[in-house]
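Chemist: sequence below, structure please.
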Amino acid sequence: MAHARSAPMDLARRMRAGETIITAWSGLPDPRVPAVLGRAGYPAVTFDMQHGLHDLASVALGIPAAAANGAAPIVRLAVDDFAGASRVADMGAVAIIAPMIEDAAGARRLVAHVKYPPLGQRSWGPFEAMGVAGITDQHEWLATANAATLAFAMIETSAAYAALSEILAVEGLDGVFVGPSDLSIALTGGRLAPSAPQTLDTVRAIGAAAVAAGKLAGVYCQNAEEVASMQAAGFRLMALGGDSGLLASAAVATLAPLKL
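Modeler: A predicted model of the protein is given here:
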């Protein structure tokens, strides 16, 4: 008999129902880190394989650690690692973010590797993912996995912004995830300004376009105020707080009263 999905593995359903999900950003490859972040209250943890230290081995260990502690496991791939999308989906990632998607063709490649036929071309081998999700019936998995495993294309370049409507029209793409830092560099001609008004206005425009297209929208936020602003703009997945930064901030706050 199949078991009910745990709440962390219900990310897609929760977001489509309008729930806002805050994800921690993890670059440290020790599986105890996502476990701690989940116990601390984060409803999701994103494993960063692009700029973080995560590889397939650390993601394979981190996904069940996150899920067991109440956090939905999300993975950001390395650039152009479309084959990796299928690998981390088979490990149990419930959302997959592909960086530097610049056109509809890139979005279609992502969908092909995340979704089973006829929507995509993902091959069969989800046994680790089924274990993490608590599903034992293979037919149930096949019938539900396409809807339950989210594919997000990152919008973070001038080309991607110009092709936004075509990207959002790709069948099987569940949403877009905005990278404000890279987007700000593109918008300003080489200046890093993720919280500048121009950047935030563009981010909100991307979110509005996604919502209008019936897609989900996510974004990396710099602070709690941006989370509130982006939630009001229709975003349902917001990253706030990287594991290294959270550790450093806690260390500074702990030592500050000592005046060393």
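
Chemist: okay, CA-based contacts and neighbour counts for the rest of this
Modeler: Noted.

Chemist: return the particular helix or strand that has Leu142 in it as CSV; C-alpha atoms alone will do.
Modeler: Using DSSP states H and E, Leu142 sits within helix 138-148. This file holds the C-alpha atoms of helix 138-148, laid out as CSV (Å, rounded to 0.1, in the frame of the first residue of the first chain):
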residue,chain,number,x,y,z
GLN,A,138,5.5,2.6,-8.9
HIS,A,139,2.3,3.3,-10.8
GLU,A,140,1.3,6.0,-8.3
TRP,A,141,4.8,7.6,-8.7
LEU,A,142,4.6,7.7,-12.5
ALA,A,143,1.1,9.2,-12.4
THR,A,144,2.0,12.0,-9.9
ALA,A,145,5.7,12.8,-10.4
ASN,A,146,5.4,15.2,-13.3
ALA,A,147,3.1,17.4,-11.3
ALA,A,148,5.0,17.0,-8.0
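
Chemist: buried ones in stretch 130-141, by neighbour count?
Modeler: Using 16 or more other Cα atoms under 10 Å as the burial criterion, the residues of stretch 130-141 that qualify are Met130, Val132, Ala133, Ile135, Trp141.

Chemist: and for stretch 151-163?
Modeler: Quick answer for stretch 151-163 (16+ other Cα under 10 Å): Ala151, Phe152, Ala153, Met154, Ile155, Glu156, Thr157, Ser158, Ala160, Tyr161, Ala163.

Chemist: how long is stretch 90-101 from one end to the other?
Modeler: Taking Cα to Cα, to the nearest Å as the measure, stretch 90-101 stretches 22 Å from start to finish.

Chemist: let's number from 29 now, not from 1
Modeler: Yep, numbering from 29; the last one is stretch 118-129 now.

Chemist: can you give me how far it is from the chain middle?
Modeler: 7 Å (Cα atoms, centre = their mean, to the nearest Å).

Chemist: pLDDT of that stretch, averaged?
Modeler: For stretch 118-129, mean pLDDT is 98.

Chemist: mind putting the buried residues of stretch 158-169 into CSV with pLDDT?
Modeler: Converted to CSV, these look like this (pLDDT from 0 to 100):
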residue, pLDDT
Met158, 96
Val160, 96
Ala161, 95
Ile163, 95
Trp169, 97
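
Chemist: closest to Glu199 among the residues you listed?
Modeler: Trp169 (20.5 Å; Cα to Cα).

Chemist: residues contacting the closest one?
Modeler: Met158, Ile163 (Cα atoms under 8 Å, 6 or more residues apart in numbering).

Chemist: how about Ala261?
Modeler: By Cα under 8 Å, 6+ apart, the contact set of Ala261 is Arg232, Gly235, Ala236.

Chemist: now do it against Gly235, distance only.
Modeler: From Ala261 across to Gly235, the span is 7 Å (Cα to Cα).

Chemist: just Met37 next, same as before
Modeler: For Met37, the distance to Gly235 equals 24 Å [Cα to Cα].

Chemist: same question, Ile213
Modeler: Taken as Cα to Cα, the span from Ile213 to Gly235 is 19 Å.
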